[in-house]
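Asks: below is the sequence, then the predicted model.
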Amino acid sequence: MTLFRYLLREFIPPFFFSLALIIFLFILNLVFTMLGRIVGKGLPIWTVLEFFGLNLAWMIALAVPMAVLVAVLSAYGRLSADNEVTALRSSGVGPMQMIAPAIMFGVIMSLGLAYFNNYMLPDLNFRSRQLQTDIRRLKPAMVLEPGVFLSDIPGHVLYARQVNGETNEISDVMVYQDDDPRFGSTVIAADGKLKYEEWFEGFEFSLHDGEILRSDRARPGEYHRIQFDNAIFRIHAPDMSLRRTATQWRGDREMNVSQLLDKIENYEKIDAAKNSKNISRLLVEIHKKFSIPAACLIFAALGGLLGQMVRRSGIGVSAGYSMAFFLIYWVFLIAGEDLADRGTVGPGTAMWAPNVLFSLVVIFLWLRQRKSGFRLFGK
């Protein structure tokens with residue numbers, strides 16, 4: 001029991017370190033991929049943080065199995081490098097006793113990730129997709145640049161020779177309005193202020209020392225001229241603010257097992273043969289919710305065996321081995337999902353084949369260890 005607690009404590013630091021590092025790399029990739037699509041939208045900082053926060057869900061689902069492998073491999077690798085594995089074996093600790101803490105750690109992480117994948121991940125994916133849809137529908141936030149005509153607002157053209165981004169002060173202002181089928185008007189002012197009003201969902205111009213030129217298209221050549229010292233103009237632009245939509249429709253990755261089974265049942269009632277590909281796609285999602293968590297247990301066993309067989313230790317060495325194995329696992333998983341979606345192989349076979357492959361690797365290493373001792377790598 002002392003060995004069991006000792007090894008479990010060895011797993012915790014590298015697990016959280018590697019998990020944080022992997023998620024950080026995912027976030028960097030998301031920043032480079034998506035930042036350009038949300039910059040210039042005029043989104044509040046909390047909305048941007050919500051966007052990245054919701055995307056943490058799928059990152060965790062992918063990062064946990066790899067972090068388990070890094071943690072177990074790192075812990076056992078340190079014991080092996082310090083010759084503690086040899087000392088424990090000499091004191092009568094058997095192979096099963098050595099690997100049991102890793103197996104238990106893998107079981108705990110598998111159960112936790114399975115719960116997360118079924119009950120939490122679908123809702124977070126659902127909310128993330130809704131937010132991304134709302135952001136895509138949102139037009140670029142109005143950025144009035146000095147000396148540049150801006151036509152982002154339908155029926156309006158805005159211009160200011162000078163713009164102070166800190167105080168919102170503008171000078172030599174022109175606002176052309178063409179949203180009325182009969183009348184067109186142009187507002188010219190010496191200076192003023194521009195701000196966006198959330199309650200109005202539009203822009204408010206506080207202009208000074210200007211005039212309004214209004215023309216009637218039915219009477220070309222005639223126009224009305226109105227001078228003003230101070231005036232306030234508002235332009236309604238609802239697409240410039242983020243509107244949250246409410247929808248109940250969910251995609252495949254936004255449903256739990258119960259919802260997926262209900263949808264499969266509906267497809268079967270309509271026409272099972274005609275909807276065979278849709279049913280296969282849904283079954284892939286069901287199997288994936290449990291095959292990826294099961295990989296935590298397999299990777300824990302793999303890391304425990306490899307860690308006892310290598311002389312070198314450290315998070316870098318562990319991460320290198322883990323990255324290689326996880327890339328192989330992920331290539332098989334993605335390829336299997338693609339084949340299952342096409343109907344070439346069964347959903348269960350496609351999603352569990354990588355686990356079966358790595359289970360065979362674990363069995364091979366276990367038999368090799370029992371036959372020739374702990375050292376497969378190193379001198």
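Replies: In hand now; what should we look at?
Asks: check the secondary structure at residue 144 for me.
Replies: Following DSSP: H, G, I helix; E, B strand; the rest coil, residue 144 is assigned to coil.
Asks: identify the residue nearest the geometric centre of the chain.
Replies: With distances taken as CA atoms, centre = their mean, the residue of the chain nearest its centroid is residue 55 (2.8 Å).
Asks: and residue 272, its phi and psi?
Replies: Listed backbone geometry of residue 272 is phi -60, psi -40, with angles given as degrees, to the nearest 10.
Asks: okay, the spatially closest residue to it that is not a sequence neighbour: pLDDT?
Replies: When the adjacent residues along the chain are set aside, residue 272 lies closest to residue 279, with 6.9 Å between them (CB to CB, 6 or more residues apart in numbering). Using the backbone N, CA and C atoms, a C-beta is placed for each residue, glycine as well. Per-residue confidence for residue 279 comes out at a pLDDT of 91.
Asks: residue 279: what's it in contact with?
Replies: For residue 279, the contacting residues are 264, 267-268, 272, taking CB atoms under 8 Å, 6 or more residues apart in numbering as the criterion.
Asks: for the chain, which residues score under the pLDDT cut-off?
Replies: Counting by pLDDT under 70, the chain shows low-confidence ranges at 1-3, 36-42, 85, 136-143, 152, 165, 196-201, 237-247, 310-317, 371-379.
Asks: what about stretch 78-96, distance to the chain center?
Replies: For stretch 78-96, the distance from its own C-alpha centre to the chain's C-alpha centre is 41 Å (CA atoms, centre = their mean, to the nearest Å).
Asks: try stretch 297-304
Replies: Here stretch 297-304 is found 26 Å from its chain centre; the criterion is CA atoms, centre = their mean.
Asks: same question for stretch 337-357.
Replies: Here the centre of mass of C-alpha atoms in stretch 337-357, compared against the chain's by CA atoms, centre = their mean, lies 24 Å away.
Asks: residue 98 versus residue 92, what's the distance?
Replies: For residue 92, the distance to residue 98 under the criterion CB to CB, to the nearest Å works out to 11 Å.
Asks: and those two? Which one has more around it.
Replies: Neighbours per residue (other CB atoms under 10 Å) separate residue 92 from residue 98, with residue 98 holding more: 22 against 7.
Asks: show me what the host helix or strand of residue 72 is packed against.
Replies: Residue 72 is located in helix 45-81, with elements delineated by DSSP states H and E. Using 3 or more CB pairs under 8 Å, 6 or more residues apart in numbering; DSSP states H and E as the contact criterion, the elements in contact with helix 45-81 are helix 2-38, helix 84-90, helix 95-115, helix 121-137, helix 276-307, helix 315-342.
Asks: what is the closest residue to residue 151 other than its chain neighbours paired to in the beta sheet?
Replies: Spatial nearest neighbour of residue 151, chain neighbours left out: residue 157 (5.1 Å); criterion: CB to CB, 6+ apart. The residues listed as beta-bridge partners of residue 157 by DSSP bridges are residue 176.
Asks: ok, residue 157 - contacts?
Replies: Counting by CB under 8 Å, 6+ apart, residue 157 makes contact with 149-151, 174-176, 178.
Asks: ok, so of those, who is nearest residue 346?
Replies: Each of these was checked against residue 346 using CB to CB; the closest is residue 151, at 54.7 Å.
Asks: I appreciate the help and will end here.
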